[in-house]
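**Student:** need a structure here:
(one chain, ligands or ions: 1)
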Amino acid sequence: MSAEHTSALTESNPKRLSPRKRAQSFLMLGIATRESEQAMDVSEKKRHAAQAALRYVREGMLIGIGTGSTVNLFIDALAAGGTRVAAAVSSSNASTERLAAAGIEVVDLNDAGTLELYVDGADEATRDRHLIKGGGGALTREKIVAAASRQFICIADDTKLVARLGTFPLPIEVIPMARRWVSEQLVRLGGRPVWREKLVTDHGNHILDVHGLTIPDPPALERELNQIAGVVTVGLFAIDPADLLLIAHDDRIEVI
Ligand code: 5RP
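**Tutor:** The predicted model follows:
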């Protein structure tokens, strides 16, 4: 039985942001606090995180755009805000459609070159700014556009902030013919890969969601997984982490 068919076995640039002291600081954005114990809705927090990223956007910038519900809110906020970007490079067909609908020109990365800013969400994030991404299946283009950008700002609600990565199953994009082989290697490493059967990526590939991995050293695991033949992109963004995390809590945006 192949690993993927049983639930039992079941992805140099000067990106570092300065000054460093901004990390760890708390930025009060005047978000209205509700009734004392009432927690803010997750989608509302995503909206606040998206809104907070607007302050990093400058008139005429070439910007990279990620994928997902938080990024959708960022695209909406960008379209509604007064700052006009020159154009955007998109990480997915879904984001391309939303950008076009918002009247933001989408250009090919090959025509754009290095981007000034990349904004994207995450499925999990640590205070080291290591990320798990790919829940929306767009990890390959996300990793490419992030790498091609000087600054990567990750926006997320506080449910995404974790002490250690790995509760969210790690997405890995694989060449279809290598799915079984890669699954077997992942089992050998202690993971339980599950084929996301209904999804074919924008590049015609498959995704394995790997459960049960303990990830004490995200950059090391990312390097190891990158070596498996047939792996296109590992959803760990740790060798080249986000430059800045904007985490929306109930009453504030935390900048990490
Ligand atoms: C898509 C991603 C997304 O950034 C991630 O899944 C978070 O999505 P959302 O903002 O909808 O919670 O990596 O591949």
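**Student:** V194 contacts G212, doesn't it?
**Tutor:** No - at 10.2 Å, V194 does not count as touching G212 under the criterion of C-beta atoms under 8 Å. C-beta here means a position set from N, CA and C on the backbone, and glycine is covered the same way.
**Student:** If you count surrounding residues, which of these two has more?
**Tutor:** V194 (20 against 15; other C-beta atoms under 10 Å).
**Student:** now that one: how far from the ligand?
**Tutor:** Distance of V194 to the ligand, given as C-beta to the nearest ligand atom, to the nearest Å: 16 Å.
**Student:** Would you check that T201 makes contact with E173?
**Tutor:** Yes - contact criterion C-beta under 8 Å: T201 and E173 qualify, at 5.7 Å.
**Student:** list residues touching both of those two?
**Tutor:** Taking C-beta atoms under 8 Å, 6 or more residues apart in numbering as the contact rule, T201 and E173 both touch 137, 140, 207.
**Student:** List phi and psi for P216.
**Tutor:** The phi and psi values for P216, taken as degrees, to the nearest 10, are phi -70, psi -30.
**Student:** What is the burial count for it?
**Tutor:** Residues near P216, counting by other C-beta under 10 Å, number 9.
**Student:** element containing the closest residue to it other than its chain neighbours?
**Tutor:** Using C-beta to C-beta, 6 or more residues apart in numbering and skipping residues adjacent in sequence, the residue nearest P216 is R164, 7.0 Å away. Using DSSP states H and E, R164 is not contained in any helix or strand.
**Student:** Number of residues surrounding R164?
**Tutor:** With other C-beta under 10 Å as criterion, R164 counts 12.
**Student:** Report the contact partners of it.
**Tutor:** By C-beta under 8 Å, 6+ apart, the residues touching R164 are 126, 214-216.
**Student:** Which pair in the residues you listed has the greatest spatial separation?
**Tutor:** T126 and T214 (13.7 Å; C-beta to C-beta).
**Student:** So those two - more neighbours on which side?
**Tutor:** Taking neighbours as other C-beta under 10 Å, T126 and T214 compare with T126 leading, 21 against 11.
**Student:** pLDDT at the more buried one, what is it?
**Tutor:** You'll see T126 listed with a pLDDT of 98.
**Student:** From F168, how far out is it?
**Tutor:** T126 sits 12 Å away from F168 when distances are taken as C-beta to C-beta, to the nearest Å.
**Student:** just G68 next, same as before
**Tutor:** 13 Å.
**Student:** mind listing what the residue nearest to I239 when sequence neighbours are not counted touches?
**Tutor:** Closest residue in space to I239, ignoring its immediate chain neighbours: P219 at 4.8 Å, by C-beta to C-beta, 6+ apart. By C-beta under 8 Å, 6+ apart, the contact list for P219 reads 130, 236, 238-239.
**Student:** In helices, which of the shared contacts of T201 and E173 fall?
**Tutor:** Counted as lying in helices by DSSP state H, out of the shared contacts of T201 and E173, are T140.
**Student:** tell me, which of the shared contacts of T201 and E173 make contact with the ligand?
**Tutor:** Among those, proximity to the ligand is found for G137 (C-beta under 6 Å from any ligand atom).
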